Structure formats: structure tokens, C-alpha cells
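Q: What would the 3D arrangement of this be:
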Amino acid sequence: MKPFSRILVPTDFSKPSERALEQAMVLARMFDARIVLLHVWSMPYTAYSEGLTWPVGQMQQAAQKALDEAQVKAMKLYPQTDAILRQGGEWLQIIEAIDEHKIDLVVMGTHGRRGLPHFFMGSVAEHVVRMSPVPVMTVGGAAREPDAE
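A: Numbers count the residues shown, from 1 in each chain. Model prediction:
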């Protein structure tokens, strides 16, 4: 049995997600593993959402189109790449996909938010690291500059 045969790469199409996919491809080549690219979309949350209607169909179509484009781009570099689209809370959908798709490793980007942005937005990566039944590798968006003294 290979150590990693299925690698999940959640994506929000950001730079950290792109870097995570690059790292996942390195590992996938080493272990001859499949990559499962996952995008989770959700309805925007607003405090006063009564009476608002969201174009759900258009939102889902846009998410699917972006995921399809990401998969085509990834398959040019690593053909063993599948893609799945899910709706709901990001970290919960990632955890559910791990079991449903028999994932051995998660490689995901992290935005590195701190302070109030982290407090208000939370951290999907942090939840996944805490809740995942399989190893999780997090990849930052870019190398940070050292603090000026």
C-alpha cells in the first residue's frame, strides 16, 4: 500500500491555494497519487438577509466554472487530478470529503490572518487541522518578510 494514494487539495483559487496545489503535485508525483481538487461555495451571510434573494443557480455555475478551469490547468501539470464542488461550510465540507473520497492527506493553503481578521473570519485551515482524521499539510501564501527592528 502506498503511503498516500489520494491527496485532497481544497481551493478558494487564491495564491495560498495555488501554492498548496503545487506542493500536492510534488507529493503526488512521489507517491503516484491522485489529487482531488475541492472547492466549497456558500451563500453570503448578511445580518439582515430577510427579503434578500440570492442567484443560487448563477453562484453555483460560477463556482463550477472556476473549478473546471482550475482542474484543466492542474491536469496540464498533473493528469491524475479530479475535481469536486460542494456547498456549505468550508471546513465541515472538507472533513466530510476526506471520508467520502478515501483521502490519505490534505494539502491546503492558509492566508495567515491574525488579530481581528482571524477573529471575525476564523480559520478554515485551523478547523481542518484540528478535526481531520488524516494528516494535514498547510502551505502559506508567500514567504514573510522579517520584521524590521
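Q: Going by C-alpha atoms from here, please, whenever you check contacts or count neighbours.
A: OK.
Q: Count the residues that sit near the residue nearest to residue 91 when sequence neighbours are not counted.
A: Of all residues not flanking residue 91 in the chain, residue 124 sits nearest, at 5.3 Å (C-alpha to C-alpha, 6 or more residues apart in numbering). For residue 124, the count of nearby residues is 17 (other C-alpha atoms under 10 Å).
Q: same deal with residue 104?
A: Neighbour tally, residue 104, other C-alpha under 10 Å: 19.
Q: Do I have it right that it meets residue 27?
A: No - contact between residue 104 and residue 27 fails when scored by C-alpha atoms under 8 Å: they sit 11.8 Å apart.
Q: ok, then the element right after the helix or strand bottoming out on mean pLDDT in the chain?
A: Lowest on mean pLDDT, DSSP states H and E among the helices and strands of the chain sits helix 115-121, with a mean of 44. As assigned by DSSP states H and E, the chain's next helix or strand after helix 115-121 is helix 124-131.
Q: Pairing partners for the very next helix or strand once past that next one, with directions?
A: On the C-terminal side of helix 124-131, the closest following helix or strand by DSSP H and E is strand 136-140. Strand pairing for strand 136-140, using DSSP bridges, gives strand 105-110 (parallel).
Q: Report the buried residues of the strand it pairs with.
A: Along strand 105-110, these residues count as buried under the neighbour rule (16 or more other C-alpha atoms under 10 Å): 105-110.
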